[in-house]
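**Student:** Take this sequence and fold it.
(2 chains)
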Amino acid sequence: MTSLPLQARQLKPGSISLSFKGFVNIEFVDSIVNLVAHRLEQTEKNINTRKKVFGILIEVLQNLCKHIDGPAEEAPVEGYDARSTLFQIEADDNGYEIRTGNFVENERVAELKTMLDTITSMSLDELKKFYTEVLRNKTFTDKGGAGLGLIDIARKADNNISYIFEPVDSSYTFFDFAISVKKTGTA
Amino acid sequence: MKPLRIEAKPKTPAIFFDNFSGVMEIKGMSCSENSVEFYKPVLAWIESYTQEPYPQTELVFFFKYFNTSSAKCILDLLEGFAAVQEAGSSLSIRWQYEDNDEQMQEAGEQFADILGIPFQMEAIAVAE
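**Tutor:** Numbering: from 1, shown residues only, chains lettered A, B, ... in the order given. Take a look at the predicted model:
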């Protein structure tokens, strides 16, 4: 095992490395957001990149909080922690990688997948129009559709998003969601 | 009817809506997971105000950041205030954003587009 001081030395200046697995609630979300925001203030000079990463964090973490479901602790699925979510953020010279993992009820998968497929098929201009359209019509619900949040994340990431739906059992699918934000010059 | 004053918190903005001057200011962060709950009394205040508005209504909105659940609420606020025009009050909207903050600038442009009302866009220099 690598000693911690060496690991710390191997992290380049300006980098961020944080991963978490477990149950999330809103207090946890606030702590993570504050923690990363504080680090971003030190390391990210570009206001737009900083606000994009910050915004994506809020959207993905608040989403995780809303959709904290999964196999009950009494009925665990081998290979997974009950009601557990994963969250990770890494940053290096090139940009930011944000990943989340959570259980999704099988009946919600088709809707979520259709939404993500639609988003990733769009150009940035189309995404902007789509955002306005969804906002104008308010055609989404707080729980369920999750449309506006996903469109917002995709816009902030210049549509650099990817996702995997991994079947777990007859009730749940594991949703693995990755978002990248590239670094740009100083604004 | 009294002015509406709400102090800023880490996840919710400062609000000062003054029915005696017609100036309605909102400033700061809006990223609560419970945006609907936060804005509910604000919308109720706007609804009362539009019954008997000051002859000129001026909105001054300056967000550092807002999440998508706030976006819906902010649109509701703007649509609520748009109703003052039917009650004979003139409406002007000043949309302020941190200098170089393209996202908040674009957000303002999108709201203006949805409402069909031109916004006065103002980039504000903020000391780091």
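**Student:** Around chain A, pick out the residues from chain B.
**Tutor:** B:10-11, B:31, B:33, B:36, B:65, B:67-69, B:71-72, B:75, B:98, B:100-104, B:106, B:110, B:113-114 (Cβ under 8 Å from any Cβ of the partner chain). No exception for glycine: its C-beta is placed from N, CA and C like everyone else's.
**Student:** let's see 6 Å
**Tutor:** Residues of chain B lying close to chain A (Cβ under 6 Å from any Cβ of the partner chain) are B:C31, B:E33, B:N67, B:T68, B:A71, B:N100, B:D101, B:E102, B:Q103, B:Q110, B:I114.
**Student:** From what I see, the third one and B:C31 are in contact.
**Tutor:** This means B:N67. Yes - contact criterion Cβ atoms under 6 Å: B:N67 and B:C31 qualify, at 4.2 Å.
**Student:** Just the pLDDT for residue 86.
**Tutor:** You didn't pick a chain, so chain A it is. Note for A:L86: predicted pLDDT of 90.
**Student:** I was after chain B.
**Tutor:** Confidence score, pLDDT, at B:E86: 92.
**Student:** okay, now the nearest residue to it once chain neighbours are set aside: neighbour count?
**Tutor:** Leaving aside its sequence neighbours, B:E86 sits nearest to B:T50 (Cβ to Cβ, 6 or more residues apart in numbering or on different chains; 7.9 Å). B:T50 sits with 18 neighbouring residues when counted by other Cβ atoms under 10 Å in any protein chain shown.
**Student:** give the contact list for B:Q105.
**Tutor:** B:Y97 (Cβ atoms under 6 Å, 6 or more residues apart in numbering or on different chains).
**Student:** Can you mark which positions in the helix or strand containing it are buried?
**Tutor:** For B:Q105, the host element (DSSP states H and E) is helix B:102-115. Residues of helix B:102-115 classed as buried under the neighbour-count rule (16 or more other Cβ atoms under 10 Å in any protein chain shown) are B:Q103, B:M104, B:Q105, B:A107, B:G108, B:Q110, B:F111, B:A112, B:I114, B:L115.
**Student:** residues touching the second one, list them.
**Tutor:** In this case it means B:M104. Contact analysis of B:M104 by Cβ under 6 Å, 6+ apart lists B:F63, B:Y97.
**Student:** Show me the residue sitting in the middle of chain A in space.
**Tutor:** A:V60 (3.9 Å; Cα atoms, centre = their mean).
**Student:** A strand includes that one, no?
**Tutor:** No - A:V60 is assigned helix when assessed by DSSP: H, G, I helix; E, B strand; the rest coil, not a strand.
**Student:** ok, it touching A:N102?
**Tutor:** No - the criterion here is Cβ under 6 Å, and A:V60 misses it with A:N102 at 9.7 Å.
**Student:** Which secondary structure state does the nearest residue to B:S48 once chain neighbours are set aside sit in?
**Tutor:** Closest residue to B:S48 apart from its sequence neighbours, by Cβ to Cβ, 6+ apart: B:M1 at 5.8 Å. Three-state call for B:M1 (three-state DSSP): coil.
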